[in-house]
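Undergrad: Below is the structure, and that's it, no one-letter string:
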């Protein structure tokens with residue numbers, strides 16, 4: 001970028017932030033504005049004089065005086081003070097649609113697991129101001145050291161070795177090249193490459209940290225030949241959270257779970273009628289099962305039957321370890 005273009009960009013950036021600052025600080029002097037933004041006083045005056053030429057067409061579809069920014073000229077020319085008298089709607093209360101609120105809430109909850117304490121507190125305050133639930137507090141707990149090791153390996157694309165126990169109880173020893181560590185639905189996960197399959201394609205897998213043991217950095221990552229012939233335990237390991245091929249799943253979603261559809265890239269309009277039915281491409285059935293199970297009554301699997309049964313099985317296993325299991329009728333629906 002040329003020096004002239006850089007200067008123009010800086011001046012444009014200053015003009016964009018100046019208006020909201022002036023609305024929050026009416027009557028500020030030109031010199032105080034210059035000191036605050038670190039720009040010459042003449043640049044402040046030039047920008048202020050430009051404001052009455054800026055605006056958007058109103059109901060008249062023309063740039064009439066009421067549709068443009070305006071300032072108190074007398075105070076500006078006599079006292080070198082700036083007060084905006086017409087802000088072109090910037091002082092109007094902005095309201096989010098239900099879809100936008102759901103998206104913001106989902107994003108804040110997702111980021112909460114990754115933000116440091118100070119920024120996480122700010123996310124909590126923002127969620128409260130938006131009228132949503134407080135963002136889930138991150139808790140690395142007993143996984144703090146493991147997470148630190150995995151993040152360090154991920155930074156230099158290193159590998160780790162660990163013993164893994166799948167959901168079905170099968171045990172295996174894995175060597176995984178770390179890609180990322182994330183929290184989803186209150187649980188920490190490691191995502192990485194677990195060698196290659198018999199066709200030579202890279203296997204990308206996801207593992208729950210609470211099922212990993214004896215985690216340590218690996219100085220000798222698996223070779224393609226070694227990983228192309230997995231052990232019997234790893235070949236049938238139900239821990240793999242990602243299916244080899246995406247499948248199409250029909251969802252019925254209530255408004256409270258709109259974030260689920262947006263996670264699949266679905267676009268929702270403000271006039272949509274709830275519940276919404278959508279056919280989505282799912283790359284990880286186990287991840288979808290956990291997500292649906294965390295939203296009882298808000299998301300239903302309509303098809304295929306295999307995924308419905310996976311949700312039902314997840315619910316049955318949850319009931320088996322629940323202290324209230326005896327009070328739940330065995331015939332009660334579990335596919336929600």
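TA: Structure's in. What do you need? Not measured: the values here are computed from a predicted model.
Undergrad: Just the buried residues of the longest strand anywhere in the chain, please?
TA: Longest strand of the chain, by residue count under DSSP state E: strand 171-184. Within strand 171-184, the residues that qualify as buried are 172, 174-179, 181, 183-184, counting by 16 or more other CB atoms under 10 Å. C-beta: built from backbone N, CA, C; applies to glycine.
Undergrad: so how far is residue 267 from residue 103?
TA: Distance, residue 103 to residue 267, by CB to CB, to the nearest Å: 11 Å.
Undergrad: actually residue 287, not the one I typed
TA: Distance, residue 287 to residue 267, using CB to CB: 22 Å.
Undergrad: number of nearby residues for residue 302?
TA: 15 (other CB atoms under 10 Å).
Undergrad: sorry, back to before: between residue 103 and residue 267, tell me which one has more neighbours.
TA: Comparing residue 103 with residue 267 by other CB under 10 Å, the one with more neighbours is residue 103, at 18 against 8.
Undergrad: Leaving out chain neighbours, which residue sits closest to the more buried one?
TA: Counting by CB to CB, 6 or more residues apart in numbering, the nearest residue to residue 103 once its immediate chain neighbours are dropped is residue 262, at 5.3 Å.
Undergrad: do the same with residue 249
TA: Among residues not flanking residue 249 along the chain, residue 282 sits closest, at 4.8 Å (CB to CB, 6+ apart).
Undergrad: Show me the beta-bridge partners of the one you found.
TA: Here residue 282 sits in beta bridges with residue 247, as judged by DSSP bridges.
Undergrad: Could you verify my assumption that it touches residue 260?
TA: No. Using CB atoms under 8 Å as the test, residue 282 is too far from residue 260 to be in contact (11.1 Å).
Undergrad: Please state the offset of the helix or strand that residue 144 is a member of from the chain centre?
TA: Element membership of residue 144 [criterion: DSSP states H and E] is helix 144-155. Taking CA atoms, centre = their mean, to the nearest Å, one finds helix 144-155 lying 21 Å from the centre of the chain it belongs to.
Undergrad: Give me the contacts around it.
TA: Here helix 144-155 makes contact (CB atoms under 8 Å, 6 or more residues apart in numbering) with 140, 158-160, 178-181, 188, 190, 192, 209, 212, 215-217.
Undergrad: Now the two most distant members of these.
TA: Spatially, the most separated pair among those is 140 and 159, at 21.6 Å (CB to CB).
Undergrad: by contact count, what packs against the helix or strand hosting residue 49?
TA: Secondary structure from DSSP H and E places residue 49 in helix 41-50. Helices and strands touching helix 41-50, by 3 or more CB pairs under 8 Å, 6 or more residues apart in numbering; DSSP states H and E, are helix 3-24, helix 30-37.
Undergrad: Model confidence for residue 219, exactly?
TA: On pLDDT, residue 219 comes in at 80.
Undergrad: Quickly note the distance from it to residue 284.
TA: 30 Å.
Undergrad: Then residue 124?
TA: To residue 284, residue 124 is 29 Å away according to CB to CB.
Undergrad: Looking only at neighbour counts, state which of those two leads.
TA: Under the neighbour definition other CB under 10 Å, residue 124 and residue 284 were set side by side, and residue 124 has more, 18 against 15.
Undergrad: So which residues of this protein form strands?
TA: Using DSSP E, strands in the chain cover 28-29, 70-71, 81-82, 84-86, 159-165, 171-184, 187-196, 202-208, 212-218, 247-253, 276-282, 299-303.
Undergrad: For residue 19, which of those is the nearest?
TA: In terms of CB to CB, the element of the strands of the chain nearest to residue 19 is strand 84-86, at 7.0 Å.
Undergrad: which residues in the stretch 201-336 of the chain form helices?
TA: 224-227, 232-235, 258-263, 285-293, 305-320 (DSSP state H, counting those that start in this stretch).
Undergrad: buried sites along the last one?
TA: Within helix 305-320, the residues that qualify as buried by neighbour count (16+ other CB under 10 Å) are 307-308, 310-312, 314-315.
Undergrad: Span of stretch 164-178 from start to end?
TA: One end of stretch 164-178 to the other measures 15 Å (CA to CA, to the nearest Å).
Undergrad: And residue 75, how far from residue 29?
TA: Residue 75 sits 10 Å away from residue 29, going by CB to CB.
Undergrad: again with residue 277
TA: 60 Å.
Undergrad: Look at the two and report which has more neighbours.
TA: residue 29 (14 against 10).
Undergrad: And the pLDDT at the more buried one?
TA: pLDDT, residue 29: 95.
Undergrad: For it, give the beta-bridge partners.
TA: Here residue 29 sits in beta bridges with residue 81, as judged by DSSP bridges.
Undergrad: Hmm, residue 76 and it touching each other?
TA: No. Contact status for residue 29 versus residue 76: not in contact, 10.1 Å apart, counting by CB under 8 Å.
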